[in-house]
Every structure is written in structure tokens, then in C-alpha cells.
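> sequence? don't have it. structure:
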Ligand code: KIV
């Protein structure tokens, strides 16, 4: 192929721009590395941090001193002792092992994987097989300490008690998780009771239940009116009384969540339900800033991984294009 003088000139300009961009990116990376090294030097050793009292915040954030495996039984103890429970979702081995190392009390194999990992608009398409083999086993293989909870996906329990119990046993047996989470109130009480009777710890999920999004028609705050708030309260009490080890409260008024928390024996885990719950759960990709198109007010972003990844990949692409990667030390 022949290039005109004009094309050669503009290709040279583009190359020059790419080099300038790569140089700026390298400078930026070096500055970040220097800042990170300074942060590391200033941080106390992890062993020292672990010795610090439980619940005492430190520079690196919260580190647990109690390394025992979290059980559903300890969920109750945590509430009784007036301590809070931290929960995050995870859908893969690498992320789950990082979250577990960082000291999160519980990891949810959430059907939100449908949105976050697969790019679906709702959680409805997730299947029992996907929950077990695409994400469940990966998370279970990674986690040493946190209580691993797996969502029962849409269609796995709504069709009847026996079907629900069979799927619950299958998910426990084949994924190796520690507990299940199920969306719904008294309408699924018998199913939840039978699952509990099979020896499976269950976390109920009330308020905004994403598997029912087609019934609600919107992701707006639930239980703002008295009738829905009353139903939610009686659903929560019923789930607690039959022995659920937790209740997720999603996107409901903070005052209602506080009242429910006082009324039930098991811990409540809020997402968009204010500070009165016994614990909090977030989707890890939201709180780490991987998914920035989704910004409801209940998300607090603790990192900007989206831009860190875009920067890093941009630098890699630049290095490959300019022949700067791999260098001699990176070659055999
Ligand atoms: O699947 C999920 O991520 C959840 C949380 C919203 C609690 O159920």
C-alpha cells in the first residue's frame, strides 16, 4: 500500500501524540507509585493492626482481629453484642479472596451478577446452574473467613415448596456456600420454613426485591406508604420467628428499617435502608467504582477502579504499540 506525503505526515503527528500521551501516562503512574510507596511506609505492619481492638478504625481501614470462620450463629451473636455486620457481593475467585482478606464478615454470591457480570438489565435470567458453577464455586473456593451466602435465583423457589427445597439443597450441596438468601415475605413462608428445617441457614430479602421488578415497574424506594410498611414489618417478624439468620432490607425508608431492626431477633442487613440496620451490604463493583453509570444515593464509592483500570490498560496499549513492552527483564 502506498501512502501520500500528507498521510505520512499525519501518521507521524499521531505517533508523536501517542508518545506524548504515553509519556504523560508513565509520569502519572510513577507519581501514583511514589504516593502508594509513601502510604505503605506510613502504614503500621498488618500484624500490629490485627492486634488492635476489634472495631477500632485504622489507616488501612478495618482489620478483623477475630479470624474464626463467620457462621450464621455468629450473625445473631453480633447483633446481641450491638456490633455491625459488613457484607459485600462477589462473583469470582480473585475478588472474593481480596474481600475476605480485607475482613468483610459476609460475601453474597448475588444474582446481581446478572447485571454486573453478564450485562443483563435485570436479575431474572440467572439460573441455578449459573449461581452454582459460574459464580458460586468460584467464591466459595476463595473464602476462608466470611459467611458465604448465595442468592436463590428467580424461578428456583416460586413454583412450589418442594421445588424450592430441592433447589436450596442443590445450591448448598453443589456450591458449598454457608447460607441462602431468598426474596419475598409471607407468601414464601412455608418454603423458607422447610428450607430452614432442612438445616439450611436462610436470609430473607424484603423491600425492593429485584426479582419482582416487573411487578413493581420501578426501582424506586419501597414501603413509603403505611400499608406496604405494615406488610414489610409483619413479613420481617414472620421470617425472624421461623428462624431466619438475617433479613436484607433493600431501599426502604431509614425510619422503617430502624423499627424493623428493633422488632426482629435476627440481624437486618441494609442496602439503601439507612444506618439503623445491624449491617450493610453493597455490590462490590459499585463501592469500588467499577460501575459508575449506576449512582443511586445509597452507594458510597471507596475507590475509582474504573479510571485506574482504563489508565492502566491505556498505558499497556501504548507500551505494546511503541514496542516498550516487554523489555529485556521481562523477556527470556
Ligand atoms: O444480588 C444482590 O446483589 C443483592 C443485594 C442487592 C443485596 O441481593
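It's in. None of the values given here were measured: they were computed from a predicted structure. Numbers count the residues shown, from 1 in each chain.
> pLDDT value on the residue positioned nearest the centre of the chain, please?
Compute the mean C-alpha point of the chain, and by Cα atoms, centre = their mean the closest residue is residue 89, 2.1 Å away. As predicted, residue 89 sits at a pLDDT of 98.
> hang on, residue 318 is in a strand, isn't it?
No. Counting by DSSP: H, G, I helix; E, B strand; the rest coil, residue 318 falls outside a strand, being helix.
> got the contact list for the closest residue to the residue nearest to the centre of the chain other than its chain neighbours?
Nearest non-adjacent residue to residue 89, counting by Cβ to Cβ, 6 or more residues apart in numbering: residue 110, 3.9 Å away. (Each C-beta comes from the backbone N, C-alpha and C, glycine too.) Contacts for residue 110 (Cβ atoms under 8 Å, 6 or more residues apart in numbering) come out as 89, 91, 151, 283.
> which strand residues bridge the third one?
To tie it back to what came earlier, the one meant is residue 151. With DSSP bridges as the criterion, residue 151 is bridged to residue 181.
> got a list of what it touches?
108-111, 123, 126, 131, 180-182.
> what's the answer for residue 214, then?
Applying Cβ under 8 Å, 6+ apart, we find residue 214 in contact with 122, 124.
> just the pLDDT for it.
So residue 214 comes in at 97 (pLDDT).
> and it, what helix or strand is that in?
Here residue 214, judged by DSSP states H and E, is contained in helix 213-216.
> then residue 138?
Using DSSP H and E, residue 138 maps to helix 137-142.
> show me what that helix is packed up against.
helix 93-101, strand 106-109, helix 161-175 (3 or more Cβ pairs under 8 Å, 6 or more residues apart in numbering; DSSP states H and E).
> and residue 138, how many neighbours does it have?
When neighbours are counted by other Cβ atoms under 10 Å, residue 138 registers 19.
> likewise the one 4 residues further on?
Neighbour count for residue 142, taken as other Cβ under 10 Å: 21.
> residues contacting the residue nearest to the centre of the chain?
For residue 89, the contact set (Cβ under 8 Å, 6+ apart) comprises 107-110, 112-113, 116, 281-285.
> out of the residues you listed, which is most surrounded?
Among the contacts of residue 89, residue 107 has the most neighbours (other Cβ under 10 Å), with 32 neighbours.
> spell out which residues of the stretch 151-300 of the chain are next to the ligand.
With the criterion set to Cβ under 6 Å from any ligand atom, the stretch 151-300 of the chain comes near the ligand through 151, 248, 250, 271, 281, 283.
> those in strands, which ones?
Secondary-structure check on these using DSSP state E: residues within strands are 151, 248, 250, 271, 281.
> in the stretch 51-200 of the chain, which residue sits nearest the ligand?
Among the residues of the stretch 51-200 of the chain, residue 110 lies closest to the ligand, at 2.6 Å counting by Cβ to the nearest ligand atom.
> report pLDDT for that residue.
Taking residue 110 on its own, its pLDDT is 98.
> same deal with residue 57?
What the model reports as pLDDT for residue 57 is 42.
> ok, now residue 319?
Model confidence at residue 319, given as pLDDT, is 98.
> with residue 33 instead?
The model reports residue 33 with a pLDDT of 43.
> tell me the contacts of residue 167?
Applying Cβ under 8 Å, 6+ apart, one finds that residue 167 lies in contact with 128, 152, 156-157.
> any bit of the helix or strand hosting residue 87 sitting next to the ligand?
Assigned by DSSP H and E, residue 87 belongs to strand 85-89. Yes. Judged by Cβ under 6 Å from any ligand atom, strand 85-89 and the ligand are in contact via residue 89.
> circling back to that earlier point, what about the contacts of residue 167, which one has the most neighbours?
In terms of neighbours by other Cβ under 10 Å, the contacts of residue 167 top out with residue 152 at 28 neighbours.
> quickly note the distance from it to residue 274.
Taking Cβ to Cβ, to the nearest Å as the measure, residue 152 falls 26 Å from residue 274.
> the chain: strands as residue ranges?
If DSSP E is used as the criterion, the strands of the chain fall at 85-89, 106-109, 147-151, 179-183, 202-207, 246-250, 268-271, 279-282.
> which of the ones you listed sits most buried?
strand 106-109 (a mean of 30; mean count of other Cβ atoms under 10 Å).
> and it, which strands flank it?
In its sheet, and by DSSP bridges, strand 106-109 pairs with strand 85-89 (parallel), strand 147-151 (parallel).
> same list (these) but as JSON lines, adding distance to residue 294.
Formatted as JSON lines, the strands paired with strand 106-109 follow (distance: least, Cβ to Cβ, whole Å):
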{"stretch": "strand 85-89", "distance to residue 294": "13"}
{"stretch": "strand 147-151", "distance to residue 294": "18"}
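> what comes up buried for stretch 213-227?
Judged by neighbour count (16 or more other Cβ atoms under 10 Å), stretch 213-227 contains these buried residues: 213, 221-223.
> and it, end to end?
Terminal residues of stretch 213-227 lie 19 Å apart, using Cα to Cα, to the nearest Å.
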